[in-house]
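S.K.: Following is a predicted model, sequence given first.
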Amino acid sequence: MRIIPAIDLIDAQCVRLSKGDYDTKKIYNENPLEVAKAYEDHGIEYLHLVDLDGAKSSRIINYNVLEQIATKTNLKVDFGGGLKSDEDLKIAFESGAHQITGGSIAVKDADKFKQWLAHYGSDKIILGADAKDEKVAISGWLEESKEELLPFIKNYIAQGISYIICTDISKDGMLEGPSFDLYEKILLDNQNTTIKLIASGGISSFDELPKLKALGCEGTIIGKAIYENKISLKQLEAFISND
């Protein structure tokens, strides 16, 4: 199972929110590159970089940070937040993104998202299926759509999606543990497919990682638990080397 630390950006600084609420913003580091280098120094190969300014304004904003991390580390960065146009995608990939994550666009403009999938391929496009009460949430989690999570995921798998990041918003940033039941439900619902499910939200202790791996998650995104020293980089380094 891949370990994927998260860096969430507001004003080019590392922040975390609770349950996607911008009013709960807490700045953890003013230098995202410094944080990314620390991850790389501990054997981590992947990074989940979220442009929260972009998510709010519906266009890419923090691509300079992406470019910095992509050029000054060897981390494979998946980048998301506010990607709505072909131009946004072009900027993200030219700035060094290894993959991009589309969430709101996959709900609001499914045709456009499917075009991206056809053009760039399933290795480059991740479906961001973020949920509250098993309904898909969009626009930086500021809106709840009418889309039911499980049929939404199933539909996109049928369209060729492989990578899916699923965040249970009620868990995000709360350090209360991830949604094991939800991930099990998704994996069971799609057991005869090539789904690569990436768990996100609520990771609070190292003990949860083997459980997510045993469920069949392809990766897990860890944010606040690292910043708050609930999980150390040395523990993650050992997990990666033993995996």
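M.R.: Sure thing, it's come through.

S.K.: All the strands of this structure, in order from the start?
M.R.: In the chain, the strands defined using DSSP state E lie at 2-10, 13-18, 21-29, 46-51, 76-80, 99-102, 125-128, 131-132, 135-138, 143-148, 163-167, 196-200, 219-222.

S.K.: can you tell me the average pLDDT over the shortest one?
M.R.: Across strand 131-132, pLDDT averages out at 86.

S.K.: which ones are touching residue 173?
M.R.: Taking Cβ atoms under 8 Å, 6 or more residues apart in numbering as the criterion, residue 173 is in contact with 16, 17, 18, 19, 20, 24, 201, 223, 224. Where C-beta positions appear, they are placed from N, C-alpha and C, glycine not excepted.

S.K.: how far away is residue 232 from residue 218?
M.R.: Separation of residue 232 from residue 218 (Cβ to Cβ, to the nearest Å) stands at 23 Å.

S.K.: next one: residue 73
M.R.: Counting by Cβ to Cβ, the gap from residue 73 to residue 218 is 22 Å.

S.K.: Residue 170 now?
M.R.: When Cβ to Cβ is the yardstick, residue 170 and residue 218 sit 22 Å from each other.

S.K.: Turn the strands of the chain into JSON lines, including mean neighbour count.
M.R.: Formatted as JSON lines, the entries for those read as follows, by neighbours: other Cβ atoms under 10 Å:
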{"stretch": "strand 2-10", "mean neighbour count": "23"}
{"stretch": "strand 13-18", "mean neighbour count": "20"}
{"stretch": "strand 21-29", "mean neighbour count": "13"}
{"stretch": "strand 46-51", "mean neighbour count": "24"}
{"stretch": "strand 76-80", "mean neighbour count": "24"}
{"stretch": "strand 99-102", "mean neighbour count": "23"}
{"stretch": "strand 125-128", "mean neighbour count": "25"}
{"stretch": "strand 131-132", "mean neighbour count": "22"}
{"stretch": "strand 135-138", "mean neighbour count": "21"}
{"stretch": "strand 143-148", "mean neighbour count": "14"}
{"stretch": "strand 163-167", "mean neighbour count": "23"}
{"stretch": "strand 196-200", "mean neighbour count": "25"}
{"stretch": "strand 219-222", "mean neighbour count": "23"}
